[in-house]
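>>> quick check, what structure comes out for this input:
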Amino acid sequence: MLLHIGNDICVNTKYVVGIFDLERTSVSRLTRDFLNNAVKKGKKVIYCTEEMPKSFIVTLDDELTECIYISQLACPTLLKRYEKGYGQEN
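Numbers count the residues shown, from 1 in each chain. Reported below is the predicted structural model:
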């Protein structure tokens, strides 16, 4: 199933490693280091918004390529969309 995470971007739920609340997790130095290192090391970091981000989604594809999506949608909204199957079937 595809999960709509904002701004016409969908991710395949089978590749989602985790969905994280940006405000709660960014207080941790480890999370800040994780996100900063992803940018520094040239990993795929995709901003789904120009608004204030509320969450980030970590995915791994079949080749174990990591991608981080920064979304304006809150974690509870993403969870509801996942539970209701909001998006498109693949």
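
>>> any idea which element residue 18 lies in?
Assigned by DSSP states H and E, residue 18 falls within strand 16-21.

>>> helices and strands around that strand, which ones?
strand 55-60, helix 75-84 (3 or more Cβ pairs under 8 Å, 6 or more residues apart in numbering; DSSP states H and E). (Glycine included, C-beta is placed from N, CA and C.)

>>> got the angle for the last one vs strand 16-21?
Orientation check (axes from the mean of the first three to the mean of the last three Cα atoms, to 10 degrees): helix 75-84 against strand 16-21 gives 140 degrees.

>>> please apply the same query to the shortest one.
For strand 55-60 against strand 16-21, the angle between stretch directions is 170 degrees (the same axes, to 10 degrees).

>>> got the buried residues for the helix or strand that strand 55-60 is followed by?
Later in the chain than strand 55-60, the nearest helix or strand by DSSP H and E is strand 66-71. Buried residues in strand 66-71, counted by 16 or more other Cβ atoms under 10 Å: 67, 68, 69, 70, 71.

>>> would you turn the residues you listed into a markdown table with distance to residue 33?
Listed next are those as a markdown table, based on distance: Cβ to Cβ, whole Å:
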| residue | distance to residue 33 |
| --- | --- |
| 67 | 18 |
| 68 | 13 |
| 69 | 19 |
| 70 | 16 |
| 71 | 20 |
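
>>> just give me the closest of the residues you listed to residue 46.
Among the buried residues of strand 66-71, residue 69 lies closest to residue 46 (Cβ to Cβ), at 5.0 Å.
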